[in-house]
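Participant: Everything below, folded, please.
(one chain, ligands or ions: 4)
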Amino acid sequence: MIDLHTHSNASDGTDTPGELINMAHAAGLTVLGLMDHDTVAGWQEAVQYLRPGLSLVLGSEISCETEDGISVHMLGALFDPEYKPLMDVLAKTRESRYGRMERIVGRLNDAGVEISMAEVYAQLSEGATLGRPHLADAMVLKGIVKNREEAFNLYLSNSSKFYVPHYAPTPVEAISLIKAAGGVAVIAHPLASLRGRIVSVESFKTMVEAGMDGIEVSHRDQTPEAQELLRGIVAEYGIIATGSSDYHGNGKLNQLAEFTTKPEAFEALEARADKRRVVRK
Ligand code: AMP
Ligand code: FE
Ligand code: FE
Ligand code: ZN
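Facilitator: Ligands and ions are numbered 1, 2, ... in the order given. Reported below is the predicted structural model:
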């Protein structure tokens, strides 16, 4: 079983990287992808906990924004973490998430929702990428909402009046950086329409021309019709279809390995990186 897209508390997941590795072993996964938002901070601990039987694909889910302001998540995996231009962009994104959070909190305060930056920070693990889920957790603790889901539905979605974007590279920039760093690029849940505006089908051509290797097809936020459409695009461009859980610990309903990637697809993906970078013990 191959699950290429999961999160730890190095971003907005709730398990430590070590706990996530232990869970993957217990669940009988053969390959796990660690894809924390805009960071590689969880990599080292994940490698420490890895035991024989599980292969680890290290990566990051890179927050992107198109020229017309649509939010896109690009999974970058098997890249060289020493490649500075990519690390610089991730650092710039992480940095810009603080001012952005202050503005979201400010807008909520103006509307009479009492929540402070200190309460948000209290939900963030040391060194982790700050995101709206940490604000959601702070609101849960205060009893403003029941869970993250409700926080997003009522206050935090991309279409909410409280929403503020942060700096993010374009998808083409992110793909170029991932490829220059020797890795593989797979667009995450591109037709997850519940999250807000989605990219047009035409825009996939530009991303494939920039070097994109695959599309995350099987994902709980994409309808069977959307997945069918994506399979057509994958076939048209001769790229790779992946499937994954997007597990976030108890931050979301998504269960580890609820969707998976076929072994042939994973092998084709791994072969597209410039080196064998999958970690095995
Ligand atoms: P941000 O990175 O701050 O833009 O926040 C985006 C993150 O919020 C995504 O990576 C998801 O993990 C999380 N998220 C989005 N919608 C929901 C939802 N309805 N319930 C729980 N988490 C969500
Ligand atoms: Fe997330
Ligand atoms: Fe995502
Ligand atoms: Zn994700």
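
Participant: Can you name the residues of the stretch 101-250 of the chain that neighbour ligand 4?
Facilitator: Residues of the stretch 101-250 of the chain found near ligand 4 (CB under 5 Å from the ion) are Asp246. Where you see a C-beta, it was placed from the backbone N, CA and C, and this is true even at glycine.

Participant: Give me every residue in the stretch 101-250 of the chain lying close to ligand 3.
Facilitator: Going by CB under 5 Å from the ion, the residues of the stretch 101-250 of the chain near ligand 3 are Ala188.

Participant: List the buried residues of the longest strand anywhere in the chain.
Facilitator: Longest strand of the chain, by residue count under DSSP state E: strand 55-65. Buried residues in strand 55-65, defined by neighbour count with 16 or more other CB atoms under 10 Å: Ser55, Leu56, Val57, Leu58, Gly59, Ser60, Glu61, Ile62, Ser63, Cys64, Glu65.

Participant: Quick check: closest non-adjacent residue to the last one.
Facilitator: Translated: Glu65. Ala168 (4.2 Å; CB to CB, 6 or more residues apart in numbering).

Participant: isn't that neighbour right up against Glu61?
Facilitator: No. Between Ala168 and Glu61 there is no contact, the gap being 11.7 Å when judged by CB atoms under 8 Å.

Participant: Now this protein against ligand 3: closest residue?
Facilitator: His73 (3.7 Å; CB to the ion).

Participant: Now for that residue: which residues touch it?
Facilitator: By CB atoms under 8 Å, 6 or more residues apart in numbering, the contact set of His73 is Glu61, Ile62, Ser63, Cys64, Ile187, Ala188, His189.

Participant: about what we covered before: and the pLDDT at the residue nearest to Glu65?
Facilitator: Listed pLDDT for Ala168 reads 98.

Participant: quick one: secondary structure of it?
Facilitator: coil (DSSP: H, G, I helix; E, B strand; the rest coil).

Participant: And His73, by the same measure?
Facilitator: strand.

Participant: ok, so what distance separates it from Glu61?
Facilitator: Using CB to CB, to the nearest Å, His73 is found at 5 Å from Glu61.

Participant: could the buried residues of strand 55-65 go into CSV alongside distance to Gln123?
Facilitator: Formatted as CSV, the buried residues of strand 55-65 follow (distance: CB to CB, whole Å):
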residue, distance to Gln123
Ser55, 32
Leu56, 27
Val57, 27
Leu58, 25
Gly59, 24
Ser60, 21
Glu61, 19
Ile62, 23
Ser63, 19
Cys64, 25
Glu65, 24
